[in-house]
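Enquirer: Requesting a structural model of the entry that follows:
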Amino acid sequence: MTPPTLVLWDIDRTLVYVGEVSREIYARAFQEVTGQPLRTFADMTGRTDKAILTDTLAINGVALPEERFELFYAALARAAEASRERMRERGHRLPGGKEAIEALARAGAVQTVVTGNIRPTAIVKLDAFDLLEHLDVEVGGYGSDDRVRAALVRRARERAEARYGRVFERVVAIGDTPHDVQAARDAGVGVVAVATGRSGQDELVAAGAAVVLPDLTDTEAVLEAIAASATTSEAAP
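Expert: Numbering: from 1, shown residues only. The predicted structure is shown next:
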């Protein structure tokens, strides 16, 4: 793989699975901030924490101005840290992800994450399953950055280019939902979809993924898919 290449990893159901712990984190943070139990969750699949929070507050009848979302983000961070061991107990690292990350690092790729999680939650999840070493979490796109996932992709690219002092013409995002696929396409970068979440291959293809892998277990196939997809990325609009 010819550098510079920027690889943007999704986390949940792409690299790790934590079961119901994500909902438990939200419930704990909601109770802390509002003083009341969380009755109903907004859809969380492939969405950003900002979007999830906005909808969750609305359907639970809670008025919280957006400028006070930082209170909720701080509560989410505390809840995630407190749930670290529970993540390990109830979840697992998905097969092949660590090996793919290590192979990309050897190939000289810059790697970070684009995730609906806020940064502290993302770091806890990655650290809980020993995935932090080769991921530059300082330059990712996170769920508090924007409601729209494509904006997270653009933000990650901008941060990486500022930090590394180079233009990444070869960029590819890896994720498991149609939201991940559409975000990459909207942001003008390549995408590799993996059918490791709730979405099957047909659904991911319908969302616009040219390459869909069943999982990450075949490291060589992952590298080939990334190389092929990254060459088709365009400058972010």
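
Enquirer: quick one: Cys172 and Ala187 touch, right?
Expert: Cys isn't right for residue 172; it's Val. No: at 11.2 Å, Val172 does not count as touching Ala187 under the criterion of CB atoms under 8 Å. No exception for glycine: its C-beta is placed from N, CA and C like everyone else's.

Enquirer: pretty sure Leu71 is touching Thr34, no?
Expert: No: Leu71 lies out of contact with Thr34 (CB under 8 Å); the separation is 9.9 Å.

Enquirer: okay, and the common contacts of those two?
Expert: Leu64 (CB atoms under 8 Å, 6 or more residues apart in numbering).

Enquirer: Kindly export stretch 89-104 (C-alpha atoms) in PDB.
Expert: What follows is stretch 89-104, C-alpha atoms only, in PDB (Å, rounded to 0.1, in the frame of the first residue of the first chain):
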ATOM      1  CA  GLU A  89     -17.500  -9.200  30.400                       C
ATOM      2  CA  ARG A  90     -20.400  -8.800  28.000                       C
ATOM      3  CA  GLY A  91     -18.600  -8.000  24.800                       C
ATOM      4  CA  HIS A  92     -15.700  -9.000  22.700                       C
ATOM      5  CA  ARG A  93     -13.300  -7.900  20.000                       C
ATOM      6  CA  LEU A  94     -14.500  -8.900  16.500                       C
ATOM      7  CA  PRO A  95     -12.300 -11.400  14.800                       C
ATOM      8  CA  GLY A  96      -9.600 -10.000  12.500                       C
ATOM      9  CA  GLY A  97      -9.800  -6.400  13.400                       C
ATOM     10  CA  LYS A  98      -6.600  -6.200  15.500                       C
ATOM     11  CA  GLU A  99      -4.700  -8.100  12.800                       C
ATOM     12  CA  ALA A 100      -5.900  -5.800  10.100                       C
ATOM     13  CA  ILE A 101      -5.000  -2.700  12.000                       C
ATOM     14  CA  GLU A 102      -1.500  -4.100  12.700                       C
ATOM     15  CA  ALA A 103      -1.000  -5.000   9.000                       C
ATOM     16  CA  LEU A 104      -2.100  -1.500   7.900                       C
END
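
Enquirer: Okay then, goodbye and thanks.
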